[in-house]
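**Q** following is a predicted model, sequence given first.
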Amino acid sequence: MVSAVSKAIYFLREVLGEIKKIVWPTRSELIGSSVVVCLFALFFAVVLGAMDSGFAAAIRYIIGG
């Protein structure tokens, strides 16, 4: 019967083996991807804000406020 400690050690060795296979992005790739994500987030925040304002104005018009 295999003990919990030996299972944990085996698991951690496997994890380390998988971590060594990871191809990490370069600094420029990371910065470029981060800029793209920030721009998309900003774009969608503006779009959702405009939609929210538009719906709020429509509701105010409908209820006569």
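**A** Arrived safely, thanks for sending. Residues are numbered from 1 along each chain as shown.

**Q** the longest helix along the chain: which residues count as buried?
**A** Longest helix of the chain, by residue count under DSSP state H: helix 27-63. By 16 or more other CB atoms under 10 Å, helix 27-63 has no buried positions at all. Just so you know, the C-beta spots here come from the backbone N, C-alpha and C atoms, and that holds for glycine as well.

**Q** same for that helix, what does it pack against?
**A** Helices and strands touching helix 27-63, as assessed by 3 or more CB pairs under 8 Å, 6 or more residues apart in numbering; DSSP states H and E, are absent.

**Q** ok, the residue nearest the centre of the chain to A45 distance?
**A** Nearest to the mean C-alpha position of the chain, counting by CA atoms, centre = their mean, stands V37 at 8.8 Å. V37 is 12 Å from A45, where distance means CB to CB, to the nearest Å.

**Q** kindly report the same for S28.
**A** For S28, the distance to A45 (CB to CB) stands at 26 Å.

**Q** coming back round to it: now the longest helix of the chain, how far from the chain's geometric center?
**A** From the chain centre to the centre of helix 27-63 is a distance of 16 Å (CA atoms, centre = their mean, to the nearest Å).

**Q** same question for stretch 56-65.
**A** Relative to the chain's own centre, stretch 56-65 is displaced by 35 Å; criterion: CA atoms, centre = their mean.

**Q** then stretch 12-24?
**A** Taking mean C-alpha positions (CA atoms, centre = their mean), stretch 12-24 and its chain are 22 Å apart.

**Q** pLDDT below threshold where in the protein?
**A** 1, 65 (pLDDT under 70).

**Q** give me that answer again for 90
**A** Along the chain, the model assigns pLDDT under 90 to residues 1-2, 64-65.

**Q** dihedrals phi and psi, the residue nearest to S33 when sequence neighbours are not counted?
**A** For S33, ignoring the flanking residues on the chain, the nearest one in space by CB to CB, 6 or more residues apart in numbering is P25 at 7.0 Å. The phi and psi values for P25, taken as degrees, to the nearest 10, are phi -70, psi 150.

**Q** same check on T26?
**A** Main-chain torsions, T26, degrees, to the nearest 10: phi -70, psi 170.

**Q** what number of residues lie near it?
**A** 9 (other CB atoms under 10 Å).
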